[in-house]
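> Kindly generate the corresponding structure for this input.
(one chain, ligands or ions: 1)
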Amino acid sequence: MKNIVLAISGASGVCYAQRLFELLQPKVRLHVTASERGAELLKLELNMTLNDFEGDNVTVYKNSRMNASIASGSFPIDAMVIVPASMGTVGRIANGISGTLIERAADVILKERKKLIVVPRETPFNTVHLKNLLALDQAGAVILPASPGFYHRPDTMAGLVDFVVARILNQLGMEQDLLPPYEP
Ligand SMILES: Cc1cc2nc3c(=O)[nH]c(=O)nc-3n(C[C@H](O)[C@H](O)[C@H](O)COP(=O)(O)O)c2cc1C
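Presented below is the predicted three-dimensional model:
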């Protein structure tokens, strides 16, 4: 079973994380954490807490728990997804600041040359945001903006969420049938 870290930071769009969790939980071992602001967004947007992510094959960590297994390069993590990714979290990781578990786990993923998928949610971007996103891209991360397409003609919010989640699953190498391949 793959080991995947799911990190929720303080940007709008925690619904992407919740849907990704739902689809990954039966298939992989999940390590879930949220920043303090991420936990607030969970409450605000979904009326959920981090504890709602407890379950089979899941370990939930406080973001302050710097001695967690996922903070070490010796732990066999396959990939990490930061969704949604706030500009604060993006900026700190891009600049090597590893003061929280999310930041340290991302730092480890990059140094171990594993897959880091960053799903930023901000608009518009300023120059600092763009430079930090470029720095992460250059360090090996995949920048996968939370910007759904419309060519599959979604008529619900779930359809929009699934568009982005399908792209994340593709990047993780997981099979998905949320979004069929585009055919003109
Ligand atoms: C309701 C609310 C929505 C927010 N949405 C965003 C957002 O979409 N993108 C973003 O970069 N920051 C957003 N922020 C600001 C971040 O939460 C803030 O910069 C925070 O310090 C980020 O901390 P973190 O990176 O540790 O989660 C939002 C804040 C609040 C209160």
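
> contacts and neighbour counts: CA atoms only from here.
Fine.

> Show the model's pLDDT score for the closest residue to Arg113 other than its chain neighbours.
Of all residues not flanking Arg113 in the chain, Gly140 sits nearest, at 7.4 Å (CA to CA, 6 or more residues apart in numbering). Each residue has a pLDDT score; the one for Gly140 is 98.

> ok, now Glu183?
78.

> So what's the residue count around it?
Taking other CA atoms under 10 Å as the criterion, the count of residues near Glu183 is 4.

> Please apply the same query to Pro184.
Neighbour count for Pro184, taken as other CA under 10 Å: 4.

> Tell me how far it lies from Tyr151.
Pro184 is 10 Å from Tyr151, where distance means CA to CA, to the nearest Å.

> helix, strand or coil for the spatially most central residue of the chain?
In the chain, the residue lying closest to the centroid (CA atoms, centre = their mean) is Ile82, at 2.3 Å. Assigned with DSSP: H, G, I helix; E, B strand; the rest coil, Ile82 falls in the strand class.

> what pLDDT does it get?
The confidence metric pLDDT takes the value 99 at Ile82.

> Looks like it contacts Ala11 (just checking).
No: proximity of Ile82 to Ala11 does not meet the contact threshold set by CA atoms under 8 Å, at 10.4 Å.

> Could you check how many residues crowd around the residue nearest to Arg113?
Gly140 is flanked by 17 other residues according to other CA under 10 Å.

> again, but for Ile77
24.

> Look up how far the ligand lies from the closest residue to it other than its chain neighbours.
Once its chain neighbours are removed from consideration, Ile77 has its nearest residue in Asn3; the separation is 5.0 Å (CA to CA, 6+ apart). Asn3 is 23 Å from the ligand, where distance means CA to the nearest ligand atom, to the nearest Å.
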